[in-house]
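Trainee: Using only what follows, build the 3D model:
(4 chains)
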Protein chains: 2
Amino acid sequence: MGLREVKRERTRRLIADKAFELFSDNGFGRTTVEQIAAAAEVGPSTLYRYFPTKEGLVLEFVDDCLADAVDWFHQQPAMHLPDGLRAVIERVLEQLERNPERIRAVFDLAEQTGSVSAHLNELIWRFRTDLADELVRRLPTDDPRRSEFVAALSAGIAMNIIETVVRVWVDTPDTVEAKALARRAMRLLCTGGVPLPGAQDA
Amino acid sequence: MGLREVKRERTRRLIADKAFELFSDNGFGRTTVEQIAAAAEVGPSTLYRYFPTKEGLVLEFVDDCLADAVDWFHQQPAMHLPDGLRAVIERVLEQLERNPERIRAVFDLAEQTGSVSAHLNELIWRFRTDLADELVRRLPTDDPRRSEFVAALSAGIAMNIIETVVRVWVDTPDTVEAKALARRAMRLLCTGGVPLPGAQDA
DNA sequence: AGTCATATGGTAGTCACTACCAAAATCTTA
DNA sequence: TAAGATTTTGGTAGTGACTACCATATGACT
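Mentor: Here you go, the predicted model:
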């Protein structure tokens, strides 16, 4: 790896770190990108070469985790769908757990700031569609409509579990591990602990 | 109702209609709020008194539909949760179906424009949390943690069904009705047609 | 050292959005 | 209906995110 890439990596990290620092000190809305650029000792135009938007500064890590999980799943061999879903869910949580403070910071910012929350939800939505695309490849092709429908619903359920687990997890002092929560969620769903709409009995 | 409110209502509709017109003609990104204000023959400051953001112009109808459904559910008597979930889902779809062209336009814009999609997802997320708050009131209070968890997952599932159904519905020539799709989704979920993650058999 | 590719900082500009104020329209009451 | 109170409106000035563009600086290669 040449010096160029080393520097690029360093600058990128520096910008993101300074950004989180300023956001947590002064709040997202009361921090300007100029201030971030100044703190990282780069020009604003450089900052925008690294990050697409102010919100992107916050969400890059989450984006990477989700993208990684989709890639990873893409390379997995064929397996039964329930196992596959469980595997992606756990993969995402493992990725996120690599940096718990960052995740907490992200969700704190999202809770306080509408535009961050919106971009986060957008990210999540994209993950869901990517996952659905991946799932549909593993479903029978005789009735494409049905398979797309099933894939979309399945991806939604996986996403739902991840999202719910993470939200609980970030609000919890670090005694709980995300994967245990996820397993609990899956058990609740499979055993009827969570009521499915339209089911005959409660 | 005084003349004031009549005019307010008229102006509000006029602005939104002109906005959709311009967006569909020139695209969201290539339309400025000044142009919209000019087309509706009001000043930009007036436009901003009616709508919070450019995206809000697009999403007001969806927002109203979701808000209505939460309100409506809030007033419903106690019922078994599966029936309740089914009821909210159908209520939302009924509301949305009141104005199919608008919904299609909204989702078209969301597909083309990131910021619209982000705001839409944000709206959906808020609906999900509101619904979860409502559900938790109807669950046992002996283990609040568990009830919150179940409520969040249930609300997510309901939202998932609504979202999936609507996305299919807007892409479909109007031969299909949303409620029928929703019932199909519910049946798939309850009968194991959709694989639940971690289930023992596929 | 010299040349090439890329990274950087700065400038100028667009546009969404806010705060504020004076004028116009509507409502109220005598 | 006239006068006053209240709400609605349009305009001005400004902030800040973001883009396009260009000249300069910096690391890469021979």
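Trainee: CA atoms for contacts and neighbours, from now on please.
Mentor: OK.
Trainee: what's the helix or strand for the most centrally placed residue in chain A?
Mentor: Geometric centre of chain A, nearest residue: residue A:62, 4.3 Å, by C-alpha atoms, centre = their mean. Assigned by DSSP states H and E, residue A:62 falls within helix A:54-75.
Trainee: That helix and chain B, are they touching?
Mentor: No. Judged by C-alpha under 8 Å from any C-alpha of the partner chain, helix A:54-75 and chain B are separated, with a smallest distance of 11.6 Å.
Trainee: Briefly note if the helix or strand encompassing residue A:147 comes near chain B.
Mentor: Counting by DSSP H and E, the secondary-structure element that holds residue A:147 is helix A:144-170. Yes. Contact between helix A:144-170 and chain B, assessed by C-alpha under 8 Å from any C-alpha, occurs at A:149, A:150, A:152, A:153, A:154, A:156, A:157, A:158, A:160, A:161, A:164.
Trainee: Same list (those residues) but as CSV, adding neighbour count.
Mentor: Written out in CSV, the entries for the residues of helix A:144-170 next to chain B read as follows (neighbours: other C-alpha atoms under 10 Å in any protein chain shown):
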residue, neighbour count
A:149, 20
A:150, 23
A:152, 27
A:153, 27
A:154, 26
A:156, 25
A:157, 26
A:158, 23
A:160, 24
A:161, 26
A:164, 20
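Trainee: Including pLDDT, could those residues go into CSV?
Mentor: Conversion of the residues of helix A:144-170 next to chain B to CSV gives the following (pLDDT from 0 to 100):
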residue, pLDDT
A:149, 97
A:150, 97
A:152, 98
A:153, 98
A:154, 98
A:156, 98
A:157, 98
A:158, 98
A:160, 98
A:161, 98
A:164, 98
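Trainee: Of these, which is the nearest to residue B:90?
Mentor: The nearest member of those to residue B:90, counting by C-alpha to C-alpha, is residue A:153 at 16.9 Å.
Trainee: That closest one contacts residue B:164, doesn't it?
Mentor: Yes. Proximity of residue A:153 to residue B:164 meets the contact threshold set by C-alpha atoms under 8 Å, at 6.6 Å.
Trainee: Name the residues of chain A found near DNA strand D, please.
Mentor: For chain A, the residues in contact with DNA strand D (C-alpha under 7 Å from any atom of the strand) are A:2-5, A:29, A:31-34, A:45, A:48, A:52-55.
Trainee: where does chain A have low pLDDT?
Mentor: In the predicted model of chain A, residues A:200-202 satisfy pLDDT under 70.
Trainee: Tell me how it divides into domains.
Mentor: The record's domain split for chain A, according to automatic domain parsing, is A:1-51, A:53-190.
Trainee: Quote the end-to-end distance of the last one.
Mentor: Spelled out, it's domain A:53-190. The first and final residues of domain A:53-190 sit 40 Å from each other (C-alpha to C-alpha, to the nearest Å).
Trainee: burial of residue A:170, as a residue count?
Mentor: One way to gauge burial is a neighbour count; for residue A:170, by other C-alpha atoms under 10 Å in any protein chain shown, it gives 19.
Trainee: Nearest residue to it in space, ignoring adjacent ones along the chain?
Mentor: Once flanking residues are discounted, residue A:170 sits nearest to residue A:104: 5.4 Å by C-alpha to C-alpha, 6 or more residues apart in numbering or on different chains.
Trainee: Can you verify my assumption that residue A:84 contacts residue B:197?
Mentor: Yes. If you go by C-alpha under 8 Å, residue A:84 and residue B:197 touch, sitting 7.4 Å apart.
Trainee: Tell me which of those two has more neighbours.
Mentor: residue B:197 (28 against 20).
Trainee: And the residue lying closest to the more buried one once chain neighbours are set aside, which helix or strand is it part of?
Mentor: In space, residue B:197 comes closest to residue A:82 once its chain neighbours are excluded; the distance is 4.1 Å by C-alpha to C-alpha, 6+ apart. Under the criterion of DSSP H and E, residue A:82 resides in helix A:81-97.
Trainee: what's next to that helix, contact-wise?
Mentor: Helix A:81-97 is contacted by residues A:62, A:65-66, A:69-70, A:73, A:103, A:138, A:154-155, A:158-159, A:161-162, A:166, A:178-179, A:182, B:195-202 when judged by C-alpha atoms under 8 Å, 6 or more residues apart in numbering or on different chains.
Trainee: Next: stretch A:164-177.
Mentor: Residues outside stretch A:164-177 that contact it (C-alpha under 8 Å, 6+ apart): A:93, A:103, A:104, A:107, A:178, A:181, A:182, A:185, B:149, B:152, B:153.
Trainee: With stretch A:23-34 instead?
Mentor: When contacts are taken as C-alpha under 8 Å, 6+ apart, the neighbours of stretch A:23-34 outside the stretch itself are A:22, A:43, A:44, A:54, A:105, A:109, A:113.
Trainee: Buried ones among those residues?
Mentor: Buried by 16 or more other C-alpha atoms under 10 Å in any protein chain shown: A:22, A:54, A:105, A:109, out of those.
Trainee: Which ones among the residues you listed map onto helices?
Mentor: Cross-referencing those with the helices (criterion: DSSP state H) gives A:22, A:54, A:105, A:109 as the overlap.
Trainee: For the second one, give me its contacts.
Mentor: What it means is residue A:54. Listed by C-alpha under 8 Å, 6+ apart, the contact partners of residue A:54 are residue A:33.
Trainee: measure it to residue A:24 for me?
Mentor: Applying C-alpha to C-alpha, one obtains 14 Å for the distance of residue A:54 from residue A:24.
Trainee: how about the nearest residue to residue A:11, chain neighbours excluded?
Mentor: By the measure of C-alpha to C-alpha, 6+ apart, the closest residue to residue A:11 outside its immediate chain neighbours is residue A:40, 7.8 Å from it.
Trainee: I'd say the one you found and residue A:15 touch.
Mentor: Yes. Contact criterion C-alpha under 8 Å: residue A:40 and residue A:15 qualify, at 5.3 Å.
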